[in-house]
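Participant: Pasting the sequence and the predicted model now:
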Amino acid sequence: MLLVVAAAMVRGDQVLVQQRPEGTQMAGLWEFPGGKIEPGESPESALARELREELGIEVNPAAPVPLTFASAPLGGRHLLLLLYRLDSWQGTPEPHHANALRWADMATLRTLPMPPADLPFLGVLDALLGRQA
Ligand SMILES: Nc1nc2c([nH]c(=O)n2[C@H]2C[C@H](O)[C@@H](COP(=O)(O)OP(=O)(O)OP(=O)(O)O)O2)c(=O)[nH]1
């Protein structure tokens with residue numbers, strides 16, 4: 001089982017997505033920042049670690065709020081992807097691992113190619129971001 005944690009970082013009616021770099025599985029697709037939970041880590045501390053590594057921001061492990069999850073086959077394995085909502089962090093996100101970062105509103109998000117496991121997130125995000133506007 002591939003256990004992955006990711007963040008929907010919310011800013012007004014937008015959410016942050018990053019483009020997976022060349023040479024990785026699903027290169028070029030836009031995903032939520034995050035990564036694999038290491039043995040012994042809580043999902044929240046894994047998320048804080050991944051966001052520090054990938055974006056250079058600091059996250060209080062108490063800040064992420066569970067939003068939804070995806071369960072899908074991925075490359076011969078099974079992916080369980082936990083999506084958290086995040087409203088506060090310290091620092092300005094920079095693309096340390098990604099090709100690019102993008103703050104996307106719902107209309108933009110729907111035009112970006114995303115990993116198949118993320119597609120069911122769009123309805124949840126629509127409801128979430130709609131309430132921010
Ligand atoms: N971070 C993230 N990963 C996603 C999303 N959707 C999706 O299918 N995935 C998949 C892609 C990868 O197979 C897996 C995440 O693993 P990764 O390789 O990016 O994570 P990592 O940073 O721990 O990677 P590494 O240490 O092995 O380099 O989850 C998403 O929205 N965000």
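Facilitator: Great, that's in hand.
Participant: Which residues are in contact with the nearest residue to residue 90 once chain neighbours are set aside?
Facilitator: By the measure of Cβ to Cβ, 6 or more residues apart in numbering, the closest residue to residue 90 outside its immediate chain neighbours is residue 58, 4.2 Å from it. In this view, the C-beta of every residue, glycine as well, is placed from N, C-alpha and C. Listed by Cβ atoms under 8 Å, 6 or more residues apart in numbering, the contact set of residue 58 reads 48, 52, 89-91.
Participant: In which helix or strand does residue 127 reside?
Facilitator: For residue 127, the enclosing helix or strand under DSSP states H and E is helix 121-132.
Participant: returning to that earlier point: pick out whichever of the contacts of residue 58 sits closest to residue 70.
Facilitator: Residue 70 has its nearest neighbour among the contacts of residue 58 in residue 48, at 20.7 Å by Cβ to Cβ.
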